[in-house]
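**Student:** Here is a sequence together with a model predicted from it:
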Amino acid sequence: MNIALITGSSGLIGGEAVTFFATKFDMIIGIDNDMRRWLFGDEASTQWNRKRLLETIPNFKDYAVDIRDRSSLEKIFDEHRADIKLVVHTAAQPSHDWAANDPFADFEINANGTHNLLEMARKFCPEAVFIHCSTNKVYGDTPNSLPLVELGTRWELSPDHRYFEHGIDELMTIDQSKHSLFGASKAAADLLVQEYGRYFGMKTACFRGGCLTGPLHSGTELHGFLSYLVKCAIMGKAYTIYGYKGKQVRDNIHAYDLVNMFWHYYQAPRVGEVYNAGGGRFSNCSMLEAVALCEEIAGKKLQYTYSVKNRAGDHIWWISDTRKFMQHYPTWRYTYDMRDIIQEIFRGLTMRHEAIA
Ligand SMILES: NC(=O)c1ccc[n+]([C@@H]2O[C@H](COP(=O)([O-])OP(=O)(O)OC[C@H]3O[C@@H](n4cnc5c(N)ncnc54)[C@H](O)[C@@H]3O)[C@@H](O)[C@H]2O)c1
């Protein structure tokens, strides 16, 4: 029996992974306790996605277990042992701003929770491939020291800078910068994942995401900016842009393209790897550009306000250089650019909104 075990299975990346891997494995085991609702309130609950997955994926079974609960995790891993061929770890406290509200909970979910899963995998299925959703926030605010120039709608690097053409690679230091507590707890997890590869020889990899997005996101003000932006446009809700004149640039990768990266890695895994995994030059936008595209696709004006204070730890310019991954896995390709992504989110949210109304 081949099993893929997916944490955060009702969330954006976890849910996409359940669907993607359901046809490739005999059984998919999900772990998700709807902590997103506890973190961000009812509108962020991922129960709707869980329900959808249970209704449509016959070989999917899930547990409402907290990844901090070691004894419950142990029972699940012990029951399936070496049948577990793949662990995709996506469960997390994912917000900068939230982390400072409850630093213990943030660290216990992101760092200790990841450590629990690594130990379970080492004890019960050490041959399994272990994929971890890390983040570009492990680089802290180091990217903010890049020499940026202000253009009409975005901050940009000058064309002669070494990062201009392809973006920021994995050699940027993760040390000696301000990360936010979230960035620090994710950096701790990232290092542990690398260490279980390098020290114990396990097939572990960190995918350091830029903005991960798609219609399955339960977007809320503190997390999932594109999904939340489109939601505001559809529902006529006010949106606030924080700092940097709204010209901060982020790259966006569709959940499908990221999970397809996981599949390529699974088929030819390496030990203790780290990959930047974002939309790169292929798919990126500033806040102002995202608003304009969103208004065009929604066919109406978005009500937004501007607050001069930026979010602590926010990047002014982030474009991922994904060439390391592409060199290791040359047949992987992006399939969704910015316009495709926003159009798909718009369609998905409109359908969900109409179904609720
Ligand atoms: N979305 C982004 O823009 C982005 C960017 C970079 C990195 N990441 C990382 O990618 C991963 C997936 O992000 P996402 O956007 O799919 O998040 P998400 O919030 O949509 O999904 C995470 C899921 O994990 C569950 N969860 C949280 N804490 C849990 C716990 N203690 N026990 C069990 N389940 C728990 C939540 O209920 C939720 O359904 C996270 O590790 C996040 O830090 C996300």
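**Tutor:** The structure has been received and is ready for your questions. Numbers count the residues shown, from 1 in each chain.
**Student:** Would you map the strands across this protein?
**Tutor:** Ranges of strands within the chain are 3-7, 27-31, 60-63, 84-89, 129-135, 148-150, 155-157, 203-209, 211-213, 239-242, 249-254, 273-277, 284-286, 304-307, based on DSSP state E.
**Student:** measure the residue of the stretch 201-350 of the chain found nearest the ligand to Cys133 for me?
**Tutor:** Taking CB to the nearest ligand atom, the ligand has its nearest neighbour within the stretch 201-350 of the chain at Gly209, 3.2 Å off. Yep, even glycine has a C-beta here, placed from its N, CA and C like the rest. Per CB to CB, to the nearest Å, Gly209 is found 6 Å from Cys133.
**Student:** More neighbours: which of the two?
**Tutor:** The residue with more neighbours, out of Gly209 and Cys133 and counting by other CB atoms under 10 Å, is Cys133; that gives 30 against 26.
**Student:** For the stretch 101-250 of the chain, what lies in contact range of the ligand?
**Tutor:** 109, 113, 133, 135, 209, 211-212, 217-218, 224 (CB under 6 Å from any ligand atom).
**Student:** Now for the residue of the stretch 201-350 of the chain closest to the ligand: which residues touch it?
**Tutor:** 133-136, 253, 258, 277-278 (CB atoms under 8 Å, 6 or more residues apart in numbering).
**Student:** which residues does it bridge with?
**Tutor:** With DSSP bridges as the criterion, the beta-bridge partners of Gly209 are Thr135, Ala277.
**Student:** So which residues of the protein form helices?
**Tutor:** Ranges of helices within the chain are 12-22, 35-40, 47-56, 70-80, 96-99, 103-107, 113-124, 180-198, 225-235, 255-267, 287-298, 323-328, 338-356, based on DSSP state H.
**Student:** Which residue does the chain have closest to the ligand?
**Tutor:** Gly11 (1.9 Å).
**Student:** Find me the pLDDT at the residue lying closest to Glu43 once chain neighbours are set aside, would you?
**Tutor:** Excluding the flanking residues, the one nearest Glu43 by CB to CB, 6 or more residues apart in numbering is Thr220, at 5.7 Å. Note on Thr220: pLDDT of 86.
**Student:** Kindly report the same for the one 10 residues further on.
**Tutor:** At Val230 the predicted local confidence, pLDDT, stands at 92.
**Student:** Which residues are in contact with Thr322?
**Tutor:** 167, 275-278, 280.
**Student:** no wait, Phe282
**Tutor:** Contacts for Phe282 (CB under 8 Å, 6+ apart) come out as 334, 337.
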